[in-house]
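Q: Fold the stuff below for me.
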Amino acid sequence: MKVVLFCMNPYSFGILEPIMKVLKQRNYQYVWFVREEVIQKFPFKNEYITSNIKEVVDFKSDALFVPGNEVPHFLRGVKVQVFHGFAGEKKGHFRIRKYFDLYLTQGPYFTRKFLQLKSKYKDFEVIETGWPKLDVYGQTLHKFDTDKKDLLNKFNVEKIILFAPTFSPSLTCAPFLEKEIEHLAIHKNYLIIIKFHDLMSSEFIKKYKDIADKTSNILYVDERNIIKYLLISDLMISDTSSVVYEFLLLNKPVITFKTHSKVFKWDNSLTYEKLTEKVKINLEQDPYKKERKEIFNEYHPYSDGKSAERMVDATEDYIKKHGVPESRELPWLRRYKMNKMFGKQ
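A: As a prediction, this is how the structure comes out:
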């Protein structure tokens, strides 16, 4: 099987890495397509990458794994949606854009909704596999324990708090929590790690970097992959970011501000106030511990570290049943959009 790992944004690298490892184990041929604007952020040495869509056309792939919303219809191969997160409440998460042959869902909540959509559109398959980015939870859950111990000792703190808001202007809490974060940092038994999305506004990046520079127990990090910080942190502060669900699946408390989630199983505030008080309550009392179990069961009930394997298996099975499509039929407007983005082939 010949495979394209299709990346339009840097967040895709960490999602597709476990799939790449499975492809290596099975001796499959693969290439990374990375959009030219983000290719300098590609983290894997000795991997073949290209931003030339003509090269991908000539590769004649059998399958394309895509964490984003779009993929050129004219590329050969099964177009597989692997998703870029868990925030089903975000606009467009369940929108059918007609690009994909196969949707590989994270858990029952998503599977039910896409099966309903399948019955309506009748031109794609849906299989529940789990999400590859979280395979690390089943494989190396304690990989960064030493890093955590070193940080606790270095900063002489007891707990690590992760501030990881989304970048979306209409959803992010970043503009409203500067003073609250500074006030929280008065408590020197906390280390506050700030980890922003790759697409966060440069204005807020600068503001929070300035705060970190002048505050001894605030650490701003630029690393692409957030997994390390999810694993070492004791509590997360966020909003409507999909990493909320990734953190909850580690069975640790979350505080959000004005989340758009319709059903939340954590501490959500409708005002940008009392952050310090909420942190203390959630660390000491953990009042939403029972509710987090429901998130695990519905969103990602897999802890075996084999979601990437299931994704590759599901794609192999699809090809056995349906063959390899030479292209994907799209409405005219969608075709026009892809031709404009990548050039008409």
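
Q: got the buried residues for stretch 213-223?
A: The neighbour-count check on stretch 213-223 (16 or more other C-beta atoms under 10 Å) flags 217-220 as buried. In short, each C-beta sits where N, CA and C put it, glycine included.

Q: same deal with stretch 100-111?
A: Result for stretch 100-111 [16+ other C-beta under 10 Å]: buried residues 100-107, 109-111.

Q: ok, Glu178 - how many residues close by?
A: 15 (other C-beta atoms under 10 Å).

Q: Ignore what I typed, I meant Gly305.
A: Gly305 - counted by other C-beta under 10 Å - has 18 other residues nearby.

Q: Need the per-residue pLDDT for it.
A: Note for Gly305: predicted pLDDT of 94.

Q: Now do the SS call for the residue nearest to it when sequence neighbours are not counted.
A: Nearest residue to Gly305, sequence neighbours excluded (C-beta to C-beta, 6 or more residues apart in numbering): Gly138, at 2.7 Å. Recorded secondary structure, Gly138: helix (DSSP: H, G, I helix; E, B strand; the rest coil).

Q: residue contacts, Gly138?
A: 302-306 (C-beta atoms under 8 Å, 6 or more residues apart in numbering).

Q: between those, which is nearest Gly14?
A: Gly305 (14.7 Å; C-beta to C-beta).

Q: surely that closest one meets Pro132?
A: No - judged on C-beta atoms under 8 Å, Gly305 makes no contact with Pro132 at a distance of 9.6 Å.

Q: Domain boundaries for this structure, per the record?
A: Taking automatic domain parsing as the reference, the chain has its domains at 2-131+301-342, 140-299.

Q: From start to finish, how long is the shortest one in a straight line?
A: End-to-end distance for domain 140-299, by C-alpha to C-alpha, to the nearest Å: 20 Å.

Q: which stretches of the stretch 201-345 of the chain have low pLDDT?
A: 263, 345 (pLDDT under 70).

Q: which residues of it fall in strands?
A: Taking DSSP state E, counting those that start in this stretch to define them, one finds strands in the stretch 201-345 of the chain at 218-221, 235-238, 254-257, 267-269.

Q: Please render the ones you listed as a markdown table that adds distance to Tyr288 to the earlier fields.
A: Formatted as a markdown table, the strands of the stretch 201-345 of the chain follow (distance: least, C-beta to C-beta, whole Å):
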| stretch | distance to Tyr288 |
| --- | --- |
| strand 218-221 | 25 |
| strand 235-238 | 11 |
| strand 254-257 | 8 |
| strand 267-269 | 6 |
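
Q: Who are the contact partners of Glu291?
A: 265-266.

Q: just the one 5 residues further on next, same as before
A: For Phe296, the set of contacting residues under the criterion of C-beta under 8 Å, 6+ apart consists of 248-249, 251.

Q: Going by neighbour count, list what's buried in stretch 18-27.
A: Quick answer for stretch 18-27 (16+ other C-beta under 10 Å): 18-20, 22-23.

Q: Only alpha carbons, please: show that stretch as PDB.
A: C-alpha atoms of stretch 18-27 as PDB (Å, rounded to 0.1, in the frame of the first residue of the first chain):
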ATOM      1  CA  PRO A  18       1.800   7.000  15.000                       C
ATOM      2  CA  ILE A  19       0.400   6.100  11.600                       C
ATOM      3  CA  MET A  20       3.800   6.700  10.100                       C
ATOM      4  CA  LYS A  21       5.300   4.200  12.600                       C
ATOM      5  CA  VAL A  22       2.800   1.500  11.600                       C
ATOM      6  CA  LEU A  23       3.500   2.100   7.900                       C
ATOM      7  CA  LYS A  24       7.200   1.600   8.600                       C
ATOM      8  CA  GLN A  25       6.500  -1.600  10.500                       C
ATOM      9  CA  ARG A  26       4.600  -3.000   7.600                       C
ATOM     10  CA  ASN A  27       7.100  -1.800   5.000                       C
END
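
Q: quick revisit: quick one: which of the contacts of Gly138 is most hemmed in?
A: Tyr302 (20 neighbours).
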